[in-house]
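J.: predicted model, plus sequence, below.
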Protein chains: 2
Amino acid sequence: MDSERPDLGAMVMRLGRRLIAMEEPILERHGVSMWAYVVLTALSGSEGPTRTQAALAQSIGADKTRLIPILDDLQKRGLIEREPDPADRRARLLALTEEGKEKQRAIQKEIRTAENDLLAGNKEKDAFVRALRDLSR
Amino acid sequence: MDSERPDLGAMVMRLGRRLIAMEEPILERHGVSMWAYVVLTALSGSEGPTRTQAALAQSIGADKTRLIPILDDLQKRGLIEREPDPADRRARLLALTEEGKEKQRAIQKEIRTAENDLLAGNKEKDAFVRALRDLSR
DNA sequence: GCTGATGATAAGCGCATGCATATTGACTTG
DNA sequence: CAAGTCAATATGCATGCGCTTATCATCAGC
């Protein structure tokens, strides 16, 4: 292992800033915030209708109080639905609307394209992505 | 390229949080903040005495006004020296003291060990680190 | 010697975040 | 049915951070 490499944390953070800078204009064009996009993506990932909001907050690393206004906004704009769980009416079942799915797919497609451009020049990109998937669990 | 992978940004951020969580107890044990450690590392990297504070802030991705109290603190604790540049007395030459170098090396050593533990189980760690170095420029 | 530019520093504003608490409604258990 | 628990939500507070502006000292060009 190369003992002269910069700290992993420093490199990861640098790359993170770079990716965010790359994504920002795309998200702006679609009129959604970073967190809103993260929520849409999380909901599109879980096939089952939904889990609780607290679990969602946990899974995306957001504070649950911060999630509320984001969900309010997404609901107001018709991108998600919040319906009381028939089995436990305290909980709200979160689900993307068709429009929400559409929007998420459209944004992700653009982001994927931009990411691939970023990776394009790197010979070990496949190994990089595989290792990243593993390490980011 | 696997079109089913999670967003790069999401994975990188997750990993970043994981690394920070890993580093925090180490930094705490040494009594330095994350930013202070980043400053120490940046100064230990540049062999020459120093550049300007604004350039330092830029290079580590910090706001230049935020740097001031951090440098004040590091200086007060004898980890860095700030002397007026004889060539341009507006600027301050920043340099690690012996104690500062020592502290940076000690912290980095622990962090490197923890990083290697994290990477240990991954077969493609070398390719990962190489690609990360490249992509985080 | 003026004048405009640059570096360090200080101070104030605003946003985002996270925490802790209170409230309300609904489920669960004895 | 009463008590206790839990989910969602609202609210207030403190913090950390970045941006902007202002000040002071120094430099560089004219």
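T.: Ah, there it is.

J.: check the residue minimising distance to the centre of chain A and give its pLDDT.
T.: Geometric centre of chain A, nearest residue: A:Val38, 2.7 Å, by C-alpha atoms, centre = their mean. Listed pLDDT for A:Val38 reads 94.

J.: three-state assignment of it?
T.: The three-state label given to A:Val38 by DSSP: H, G, I helix; E, B strand; the rest coil is helix.

J.: one more: A:Val129?
T.: Secondary structure, three-state DSSP: A:Val129 is helix.

J.: which parts of chain A are strands?
T.: A:80-84, A:92-96 (DSSP state E).

J.: nearest to B:Leu19, of those?
T.: Of all those, it is strand A:92-96 that lies closest to B:Leu19, at 30.0 Å by C-beta to C-beta. In this view, the C-beta of every residue, glycine as well, is placed from N, C-alpha and C.

J.: circling back: quick one, which of the strands of chain A is packed in tightest?
T.: Highest mean neighbour count among the strands of chain A (mean count of other C-beta atoms under 10 Å in any protein chain shown): strand A:92-96, with a mean of 19.

J.: sheet-wise, list the partners of that one with their directions.
T.: Using DSSP bridges, the strands paired with strand A:92-96 are strand A:80-84 (antiparallel).

J.: quick revisit: for the residue nearest to the centre of chain A, which non-adjacent residue is closest in space?
T.: The shortest distance from A:Val38 to any non-neighbouring residue, by C-beta to C-beta, 6 or more residues apart in numbering or on different chains, is to A:Ile60 (5.1 Å).

J.: how about a markdown table for the strands of chain A, with mean pLDDT added?
T.: Formatted as a markdown table, those follow (pLDDT from 0 to 100):
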| stretch | mean pLDDT |
| --- | --- |
| strand A:80-84 | 88 |
| strand A:92-96 | 89 |
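
J.: want to try CSV for those strands, with distance to DNA strand D as columns?
T.: Listed next are the strands of chain A as CSV, based on distance: least, C-beta to the nearest atom of the strand, whole Å:
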stretch, distance to DNA strand D
strand A:80-84, 6
strand A:92-96, 5
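
J.: out of the ones you listed, nearest to B:Glu24?
T.: For those, the distance to B:Glu24 is smallest for strand A:92-96, at 31.8 Å, taking C-beta to C-beta.

J.: how about residues contacting the closest one?
T.: The contact list for strand A:92-96 (C-beta atoms under 8 Å, 6 or more residues apart in numbering or on different chains) reads A:40, A:43-44, A:49-53, A:56, A:71, A:79-85, A:104.

J.: and it, how far out from the chain middle?
T.: In this view, strand A:92-96 has its centroid 16 Å away from the chain centroid, taken as C-alpha atoms, centre = their mean, to the nearest Å.

J.: how about whatever residue of chain A ends up closest to DNA strand D: what's its closest non-neighbour residue?
T.: When scored by C-beta to the nearest atom of the strand, chain A has A:Thr52 as its residue closest to DNA strand D, at 3.3 Å. The shortest distance from A:Thr52 to any non-neighbouring residue, by C-beta to C-beta, 6+ apart, is to A:Ala91 (5.2 Å).

J.: mind listing what the one you found touches?
T.: Per C-beta under 8 Å, 6+ apart, neighbours of A:Ala91: A:52, A:84-85.

J.: cool, and A:Leu67?
T.: A:39, A:53, A:56-57.

J.: what does chain A put close to DNA strand C?
T.: Residues of chain A that fall close to DNA strand C, judged by C-beta under 7 Å from any atom of the strand: A:35, A:62-63, A:65-66, A:88-90.

J.: for those residues, which two are the farthest from each other?
T.: A:Trp35 and A:Arg89 (26.9 Å).

J.: show me which of these two is the more surrounded one.
T.: Between A:Trp35 and A:Arg89, A:Trp35 has the larger neighbour count (other C-beta atoms under 10 Å in any protein chain shown), namely 17 against 9.

J.: the residue lying closest to that one once chain neighbours are set aside: what's it in contact with?
T.: Of all residues not flanking A:Trp35 in the chain, A:Ile70 sits nearest, at 5.3 Å (C-beta to C-beta, 6+ apart). A:Ile70 makes contacts with A:33, A:35-36, A:39, as judged by C-beta under 8 Å, 6+ apart.

J.: sounds good, over and out.
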